[in-house]
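Peer 1: For reference, the sequence and a predicted model appear below.
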Amino acid sequence: MKRIAKFAVVAFSLFLSFNVCAAEKKLDPALQATNKEKFEDQSAAIRQQMKTGGRWEFVNAQERGQVEARLDEIAGLMAKVNTVEELSEDDRLKMYVAQEDVNAILTKKDGRRLICESTAPTGSNRKVKVCITYAERERNRKATSDQIFRNKRDGDNLQRK
């Protein structure tokens, strides 16, 4: 009986801790259009932040095209009305699907998104939790790739001499 009680306490504690962690790491969606004016402001901000140095600068060309097409689709739907509630049920569904597509792409490529990994430093078996933002990770990846390319190019030049 004591085992069952201990198990229940541990399970409940884990359940609470997972819920707290999930709530802390949730990012706000980029796009939540409720009226025409709010949508226009949000879409302009999204387009601006997809440029170099912005929050979503790491969105690739294909994803950028999808986001632009979906924003244009929502703009077309919102051009007819002032608020989402005025849309027909079919148009409202189309708008929500397009909005979710935009949010899915932007959430995946959000430069503010925190990525945590447990790694063991060299010479140690004890794992350490290391957290960096998506933007830092992508900049580090690009810098490493550029350095490897330069090293290869310089090595090829030395062999030719």
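Peer 2: Arrived safely, thanks for sending. Residues are numbered from 1 along each chain as shown.
Peer 1: Same question for the longest helix along the chain: list its buried residues.
Peer 2: Determined from DSSP state H, the single longest helix within the chain is helix 134-160. For helix 134-160, the neighbour count (16 or more other Cβ atoms under 10 Å) marks Tyr134, Ala135, Arg137 as buried. Quick note: C-beta positions are derived from backbone N, CA and C, even for glycine.
Peer 1: which regions of this protein sit below the pLDDT cut-off?
Peer 2: Across the chain, residues meeting the criterion (pLDDT under 70) sit at 1-28, 156-161.
Peer 1: Try it again at 50.
Peer 2: The chain contains residues with pLDDT under 50 at 5, 7-10, 12-24.
Peer 1: any chance you could map the helices in it?
Peer 2: Using DSSP H, helices in the chain cover 2-25, 36-49, 61-78, 89-108, 134-160.
Peer 1: Quick one: list the elements packing against the shortest one.
Peer 2: What that stands for is helix 36-49. Counting contacts by 3 or more Cβ pairs under 8 Å, 6 or more residues apart in numbering; DSSP states H and E, helix 36-49 is packed against helix 61-78.
Peer 1: Extract the CA atoms of the helix it packs on and return them as PDB.
Peer 2: The C-alpha trace of helix 61-78 is given here as PDB (Å, rounded to 0.1, in the frame of the first residue of the first chain):
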ATOM      1  CA  ALA A  61      12.900  31.100 -49.400                       C
ATOM      2  CA  GLN A  62      10.300  28.300 -49.700                       C
ATOM      3  CA  GLU A  63       8.900  29.000 -46.300                       C
ATOM      4  CA  ARG A  64       9.000  32.700 -46.900                       C
ATOM      5  CA  GLY A  65       6.900  32.100 -50.000                       C
ATOM      6  CA  GLN A  66       4.400  30.000 -48.100                       C
ATOM      7  CA  VAL A  67       4.100  32.700 -45.400                       C
ATOM      8  CA  GLU A  68       3.700  35.500 -48.000                       C
ATOM      9  CA  ALA A  69       1.000  33.500 -49.800                       C
ATOM     10  CA  ARG A  70      -0.900  32.700 -46.600                       C
ATOM     11  CA  LEU A  71      -0.800  36.300 -45.500                       C
ATOM     12  CA  ASP A  72      -2.100  37.400 -48.900                       C
ATOM     13  CA  GLU A  73      -4.800  34.800 -48.600                       C
ATOM     14  CA  ILE A  74      -5.900  36.100 -45.200                       C
ATOM     15  CA  ALA A  75      -5.700  39.700 -46.500                       C
ATOM     16  CA  GLY A  76      -8.100  38.800 -49.300                       C
ATOM     17  CA  LEU A  77     -10.500  37.300 -46.900                       C
ATOM     18  CA  MET A  78     -10.300  40.200 -44.500                       C
END
